[in-house]
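In: prediction below, plus the sequence it came from.
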Amino acid sequence: MEDYKRGSHTVWDCKYDLVWTTKYRYQVLAGDVGQRCRELLREIARSQEMVIYAGSVNRDHVHMLVSPVPTQNWLLPGTRSVAGTLPTCAPAH
């Protein structure tokens, strides 16, 4: 139970598996571009109080396992809203 987060009346454990791909899967995230992408994602996650459990920046896609604070709008700035397709946070039993 120590991995669960707690509020005044809630207990939760929300994790999202996020994958972004480059257009046409072009391999542009190598070298300095990939390093800058990694820095920006960490900075944004810190500012949104998200925990990054795992992540990798590959040449043609970015993969992250994150845990946001459910009370915040955690979608990253500049991304399209997919809130209608994301699962909702269910209370832990």
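Out: Sure, I can see it. Residues are numbered from 1 along each chain as shown.
In: the residue nearest the centre of the chain in helix, strand or coil?
Out: Nearest to the geometric centre of the chain sits residue 66, at 4.1 Å (Cα atoms, centre = their mean). Secondary structure assignment for residue 66 (DSSP: H, G, I helix; E, B strand; the rest coil): strand.
In: how much space between it and residue 9?
Out: 24 Å (Cβ to Cβ, to the nearest Å). Quick note: C-beta positions are derived from backbone N, CA and C, even for glycine.
In: what secondary structure does residue 29 sit in?
Out: Residue 29 - assigned by three-state DSSP - is coil.
In: I figured it hits residue 60, correct?
Out: Yes - contact criterion Cβ atoms under 8 Å: residue 29 and residue 60 qualify, at 6.7 Å.
In: these two: who's more crowded?
Out: Of the pair residue 29 and residue 60, residue 29 is the one with more neighbours under other Cβ atoms under 10 Å, namely 20 against 14.
In: could I get the contacting residues of residue 64?
Out: Going by Cβ atoms under 8 Å, 6 or more residues apart in numbering, residue 64 touches 17, 18, 19, 41, 52, 54, 55.
In: name the nearest of the residues you listed relative to residue 33.
Out: residue 41 (12.7 Å; Cβ to Cβ).
In: now the nearest residue to residue 26 once chain neighbours are set aside: how far from residue 24?
Out: Leaving aside its sequence neighbours, residue 26 sits nearest to residue 60 (Cβ to Cβ, 6 or more residues apart in numbering; 6.6 Å). Using Cβ to Cβ, residue 60 is found at 9 Å from residue 24.
In: what segments of this structure are strands?
Out: Ranges of strands within the chain are 5-6, 11-12, 16-21, 51-57, 61-67, based on DSSP state E.
In: thanks a lot, see you next time.
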